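Q: Task: produce atomic coordinates for the following.
(one chain, ligands or ions: 1)
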Amino acid sequence: MLPLLALLPLSLFASVAVYYYFWNRSQYFKRRGIPGPSPSSVFTGNLKELQKDNAPPLRLVEWEKEYGGTYGIFEGGNKTIVTSDLEILQDIFVRKFENFYARKTNPVIPNNPDKHPRVNMFNARGLRWKRLRTITNPTFSASKLKAMEPTMQDSIRALMHQLEQKVDEPFDVYPLIQELTLDVIERTAFGKKETQFGQGPNPFIEVLRKFFNPPPITDGYMTSFFASTCEFLAFTTYIFKALILLHPSQFRGFKAILDRLEPTVLARRQEHATATDGNHTDFIDLFLNAEADDEDIKRMADERYQDIERKHMKVDKKLTIPEIVGQCFVFLVAGYDTTANTLAYLSYNLAVNDDAQNKLIAEIDDFLPTEDDITYESVQNLTYLDWCMKENLRMNPLASFANQRLCMKGCTVGEQKLQVEEGVVVQANVWSIHYNKKIWGEDVDIFRPERFDPETLSEPRHPLAWQPFGAGPRICIGMRFALLEAKMTVCHLLKRFCIQKCDKTSLVRTGNLLIGPKDVTVILKKRT
Ligand code: HEM
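A: Now for the predicted structure:
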């Protein structure tokens, strides 16, 4: 009885100590004199209010109006400095990359990025990231993109065939665009031979849709727990592994994607073992050509992520099979909805801006007399199309939450020499930057591609004034791929149709991971 009674004050003391730790953490920005919204919970910080209306980056814009250009929030245990100060961001993304070479911990997948076998390039850090990036860079070279062009064209033409059935009546173009971008990534990245168009809706879309629209973090006790305790990752990662075993259903989305990828990679590896020619046809082939043997794996186990600081250090150009699966996973996830959202937003912007649409059609007709003239090279030469793409992504930097870095070694940043301590995250407030009137002029809310005409500028804009693809050594690796696909699709589309608005055309942005339009309902009119 007595020992049990003694446990009572002990557990009381432990609870007070734990609470004090979290309370003290929640006072971090106050102690540092950095303004910001008071956290609604000492555990999950500002996460609840951040995700309240299902569009977190837009909440950052509202907070900037209240707290200024640089302020602090708590994303669970992540202490995050949100800023639209371009000099701070230039330091973080570019000049002091050696202090900021990692991303923040993902509360939904709390895997240790230095140890997890299936780490992908997005989550990896330090030397491991450098190795993955170095092997993957050539995948997006001009020659590889050119090799992918015929497949992209085939899927785009299949989409046009579907759109022909939709003319003259209002319809939501977004789901069909999603079908296209998934089709392209499945065919170019994972060797799927035939287009899915004409064979019914892609069953994988539903899985990805759920993946991209997770419930708010604070709605789930597991995600709340991991988000609150992200500084104890070395320990919580084991709890995470145990929970996956106990509740696999919680991670159904990931599992469904991996269940699909892993056998594909393994089957292809089998083909590689028996085939004689080493032609790279898609990402999996390219990765398998860099497969690590036992010796490589032993050597790579000594890889220390801090070695990123040794700038000229050579990296192994080798990947393990789980890493190959991880890379394929991130390409699929990063390459599908980002491009779909871009095209959906552009369809909306063209529908509600006749003038821009007419100018774009005139340029396409001038330079590309027939659909056969739409090629890898020719679309690069269309200036107005390029301005439309840029303006569309200025108004809709849909993946802006990825523009953040974790401080790995404390230093000062920006002109005011703001001290950033190790373990603090810096998040670019991209929507505020992209709508800053001092940078873009008074008409920031208007779709005006001409603002990207360099001849109208008295001096060039700051290199980070436009950052839909991020910046610095970790800038989006799929940028050229995405732009090629989007530009070719727009050219095919406007060669055949013009896009008209109707009563149901409106723009409501939503999404936790990416911000996309809820729907894009328009009317397609056949061009005569
Ligand atoms: C319009 C479409 C796209 C947008 C707006 C977009 C946006 C972004 C952004 C903002 C980042 C973070 C960059 C940073 O932190 O500096 C990123 C990273 C990344 N993106 Fe994209 N992306 C798009 C398409 C793609 C495609 C098609 C792929 C692959 C097929 C891809 C693969 C990746 C990967 C692997 C990273 C991580 C790079 C690294 O950490 O080294 N993205 N993307």
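
Q: C-alpha from now on. contacts and neighbour counts both.
A: OK.

Q: need the contact list for the spatially most central residue of the chain.
A: The centroid of the chain falls nearest to residue 399 when counting by C-alpha atoms, centre = their mean (4.8 Å). Neighbour list for residue 399: 338, 468-469, 513-515 [criterion: C-alpha atoms under 8 Å, 6 or more residues apart in numbering].

Q: overlap between those residues and the residues near the ligand?
A: Restricting the contacts of residue 399 to those within reach of the ligand (C-alpha under 6 Å from any ligand atom) leaves 338, 468-469.

Q: Neighbours of residue 339, how many?
A: Other residues within reach of residue 339 by the criterion other C-alpha atoms under 10 Å amount to 24.

Q: Actually, residue 344.
A: Residues lying near residue 344 (other C-alpha under 10 Å) number 24.

Q: Once you drop chain neighbours, what's closest to residue 74?
A: residue 45 (4.7 Å; C-alpha to C-alpha, 6 or more residues apart in numbering).

Q: Can you read off the backbone torsions of the one you found?
A: Residue 45 adopts backbone torsions of phi 60, psi -130, taken as degrees, to the nearest 10.

Q: Equivalent analysis for residue 289, please.
A: Backbone geometry at residue 289, expressed as degrees, to the nearest 10, gives phi -70, psi -20.

Q: Count the neighbours of it for me.
A: Applying other C-alpha under 10 Å, I find that residue 289 has 17 neighbouring residues.

Q: Closest residue of the stretch 201-350 of the chain to the ligand?
A: residue 335 (3.4 Å; C-alpha to the nearest ligand atom).

Q: tell me the contacts of the residue lying closest to that residue once chain neighbours are set aside?
A: Nearest residue to residue 335, sequence neighbours excluded (C-alpha to C-alpha, 6+ apart): residue 185, at 6.7 Å. By C-alpha under 8 Å, 6+ apart, residue 185 lies in contact with 331-332, 335-336.

Q: could you dump the residues you listed to CSV with secondary structure?
A: CSV is the format used below for the contacts of residue 185 (DSSP: H, G, I helix; E, B strand; the rest coil):
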residue, secondary structure
331, helix
332, helix
335, helix
336, helix
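
Q: now whichever residue of the stretch 151-300 of the chain sits closest to the ligand, what's its secondary structure?
A: In the stretch 151-300 of the chain, the residue found nearest to the ligand is residue 185; the distance is 7.1 Å by C-alpha to the nearest ligand atom. Assigned with three-state DSSP, residue 185 falls in the helix class.

Q: could we number from 42 for the rest of this?
A: Understood, numbering begins at 42; the last thing we discussed is residue 226.

Q: Just the pLDDT at it, thanks.
A: You'll see residue 226 listed with a pLDDT of 91.

Q: Residue 470 contacts residue 101, doesn't it?
A: Yes: if you go by C-alpha atoms under 8 Å, residue 470 and residue 101 touch, sitting 6.6 Å apart.

Q: partner residues bridging the residue nearest to residue 115?
A: Beta bridges link residue 86 to residue 82, residue 116, judged by DSSP bridges.

Q: Provide a list of residues in contact with it.
A: By C-alpha under 8 Å, 6+ apart, the residues touching residue 86 are 67, 80, 114-118, 269.

Q: so how far does stretch 149-157 reach from one end to the other?
A: Counting by C-alpha to C-alpha, to the nearest Å, you get 15 Å between the two ends of stretch 149-157.

Q: Distance from the chain centre to it, please.
A: When distances are taken as C-alpha atoms, centre = their mean, to the nearest Å, stretch 149-157 is centred 18 Å away from the chain's centroid.

Q: mean confidence score for that stretch?
A: Averaging pLDDT along stretch 149-157 gives 80.

Q: got a list of contacts for it?
A: 160, 164-166, 169, 258, 264, 267-268, 271, 274-275, 277-278, 281, 346.

Q: Which of the residues you listed fall in strands?
A: Judged by DSSP state E, strands contain none of those.

Q: What subset of these is buried?
A: 160, 164-166, 169, 258, 264, 267-268, 271, 274, 277-278, 281, 346 (16 or more other C-alpha atoms under 10 Å).

Q: on that earlier part again, the residue of the stretch 242-391 of the chain closest to the ligand and residue 523 touch, don't they?
A: Yes: contact criterion C-alpha under 8 Å: residue 376 and residue 523 qualify, at 7.3 Å.

Q: Alpha carbons only: can I get stretch 429-440 in PDB?
A: C-alpha atoms of stretch 429-440 as PDB (Å, rounded to 0.1, in the frame of the first residue of the first chain):
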ATOM      1  CA  CYS A 429       0.900  33.500 -68.200                       C
ATOM      2  CA  MET A 430       2.500  30.500 -66.300                       C
ATOM      3  CA  LYS A 431       4.500  32.800 -64.100                       C
ATOM      4  CA  GLU A 432       1.600  35.100 -63.300                       C
ATOM      5  CA  ASN A 433      -0.700  32.100 -62.600                       C
ATOM      6  CA  LEU A 434       1.900  30.700 -60.100                       C
ATOM      7  CA  ARG A 435       2.500  34.200 -58.600                       C
ATOM      8  CA  MET A 436      -1.200  34.300 -57.800                       C
ATOM      9  CA  ASN A 437      -1.300  30.700 -56.700                       C
ATOM     10  CA  PRO A 438       1.900  29.500 -55.100                       C
ATOM     11  CA  LEU A 439       0.100  26.200 -54.300                       C
ATOM     12  CA  ALA A 440       3.000  24.300 -52.700                       C
END
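
Q: can you tell if it touches the ligand?
A: Yes: for stretch 429-440 and the ligand, the contact criterion (C-alpha under 6 Å from any ligand atom) is met by 439-440.

Q: Going by neighbour count, list what's buried in that stretch.
A: Buried residues in stretch 429-440, counted by 16+ other C-alpha under 10 Å: 429-440.

Q: and if you look at stretch 561-569?
A: Buried residues in stretch 561-569, counted by 16+ other C-alpha under 10 Å: 561-566.

Q: how many other residues sit next to residue 157?
A: Counted with other C-alpha under 10 Å, residues neighbouring residue 157 total 14.

Q: State whether residue 123 is indeed within a helix.
A: No: using three-state DSSP, the assignment for residue 123 is strand, not a helix.

Q: doesn't residue 116 make contact with it?
A: No: applying C-alpha under 8 Å as the test, residue 123 and residue 116 come out as separate, 11.0 Å apart.

Q: related to what we said a few turns ago, neighbour-wise, give me the winner out of the ones next to the ligand among the contacts of residue 440.
A: Neighbour max across those (other C-alpha under 10 Å) = residue 509, 25 neighbours.

Q: quick one: the closest residue in space to residue 79 that isn't next to it in sequence from residue 195, how far?
A: Among residues not flanking residue 79 along the chain, residue 87 sits closest, at 7.4 Å (C-alpha to C-alpha, 6+ apart). Distance of residue 87 to residue 195, computed by C-alpha to C-alpha: 46 Å.

Q: Which one of those two is surrounded by more residues?
A: More crowded of residue 87 and residue 195, by other C-alpha under 10 Å: residue 87, with 23 against 14.

Q: Can you get me the centre-to-centre distance for stretch 163-172 and its chain?
A: With C-alpha atoms, centre = their mean, you get 16 Å for stretch 163-172.

Q: What's the mean pLDDT across it?
A: Regarding stretch 163-172, the rounded mean pLDDT is 89.

Q: Span of it from start to end?
A: Per C-alpha to C-alpha, stretch 163-172 runs 12 Å from first to last residue.

Q: can you check stretch 63-77 too?
A: Distance between the two ends of stretch 63-77: 18 Å, counting by C-alpha to C-alpha.

Q: Good, we can wrap up now.
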